[in-house]
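Enquirer: need coordinates for the following:
(one chain, ligands or ions: 1)
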Amino acid sequence: MTLRFANVAGRSALVDADGTRYLDLETASNGAFSPEPMDAFARWDALRTFHAGLAPSAFDTAPTIDAGLLGAPSPMPYQVFGIGLNYRTHAEESGMPIPTSPLTFTKFTSSIASPNADITLGSPTVDWEVELVVVISSGGRDISVDRAWDHVAGVAVGQDVSDRTLQFATQPPQFNLGKSRRGYSPFGPWLVDAASLADRDRLHMSMTLNGENVQDTLTDDLIFDVPTIVSYLSTIVELLPGDVIYSGTPGGVGMSFKPPRFLKQGDVIVSTIDGVGTTTNRCV
Ligand code: ZN
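Expert: Here you go, the predicted model:
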């Protein structure tokens, strides 16, 4: 059984294979694990061992998940990184050259939101970006590409919500604030253990806007793949347990439409990575 780690009403939880039932981690472990989601990442290997020892029937009488009670799996990380122009399709539609090293920006931690949170539109030019999100477990510096996945707890699907006016308000542009308004970093619905995802370098990711498919890719189309990003960042900064990396968005963002399309009140965006999960965000 694959380890799925969730934040249910602010408490660490384990989710069953269908994504329908959950175990409260502190209760199920008789207090061996803290209820605080941010405590789980430094003990990820111990969590894997605990999860592997659960009886298959452990979830049979567990409570069902209320999607509205899910929080971000890593709700208060030290660092949140975003990688820009990391799919050829998106670099081309943006009219930008293909980066020769990962184009990295910050999404500030206070922008993190629950996986199914409403998105409050901060301007008329708010855009969508579906992304594979990875969360760091043991962290460190100078992590090799070969060992990089060993430092990842799990993956989720997220939206790098982007205020294009704010993003390009200055010369040269700076992305940090335009991608950090309140609620602009929803991800979830839970983390799927990176060690048990057979196709972790080739996941199918897609997004619909009011039912219309607008973004669709395989993650093996990333210019800099997850191991390369993790390794690269760790040569510059120390990665810490629970750190979040938004790995980039494929083609099909609203800015690329002619004329451009931006999110409007009442729009519903549904983001999916097959085998990982789905999140739904309504624009208000
Ligand atoms: Zn992005």
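Enquirer: and the residue of the stretch 101-250 of the chain closest to the ion?
Expert: Nearest residue of the stretch 101-250 of the chain to the ion, counting by C-beta to the ion: D160, 3.3 Å away. The way it works is simple: take the backbone N, C-alpha and C, and place the C-beta from them, glycine included.
Enquirer: that residue - how many residues pack around it?
Expert: With neighbours defined by other C-beta atoms under 10 Å, the count for D160 comes to 28.
Enquirer: the nearest residue to it once chain neighbours are set aside - how many residues pack around it?
Expert: Excluding its sequence neighbours, the residue lying closest to D160 (C-beta to C-beta, 6 or more residues apart in numbering) is E129, at 4.1 Å. Using other C-beta under 10 Å, the number of residues around E129 comes to 25.
Enquirer: for R147, same thing?
Expert: A count of nearby residues for R147, using other C-beta under 10 Å, gives 13.
Enquirer: could you report the neighbour count for the closest residue to A46 other than its chain neighbours?
Expert: Counting by C-beta to C-beta, 6+ apart, A46 lies nearest to F33, which is 7.9 Å off, once chain neighbours are set aside. Neighbourhood size, F33 [other C-beta under 10 Å]: 20.
Enquirer: ok, now which ones touch F33?
Expert: For F33, the contacting residues are 12, 25-26, 39-40, 43, 46-47, 50, by C-beta atoms under 8 Å, 6 or more residues apart in numbering.
Enquirer: okay, and which of those residues map to strands?
Expert: Counting by DSSP state E, the members of the contacts of F33 that fall within strands are S12.
Enquirer: among the contacts of F33, which one sits closest to the ion?
Expert: Distance to the ion, by C-beta to the ion, is smallest for A40 among the contacts of F33, at 25.4 Å.
Enquirer: get me the contact residues on the stretch 101-250 of the chain for the ion.
Expert: The stretch 101-250 of the chain has residues 129, 160, 249 near the ion, with proximity defined as C-beta under 5 Å from the ion.
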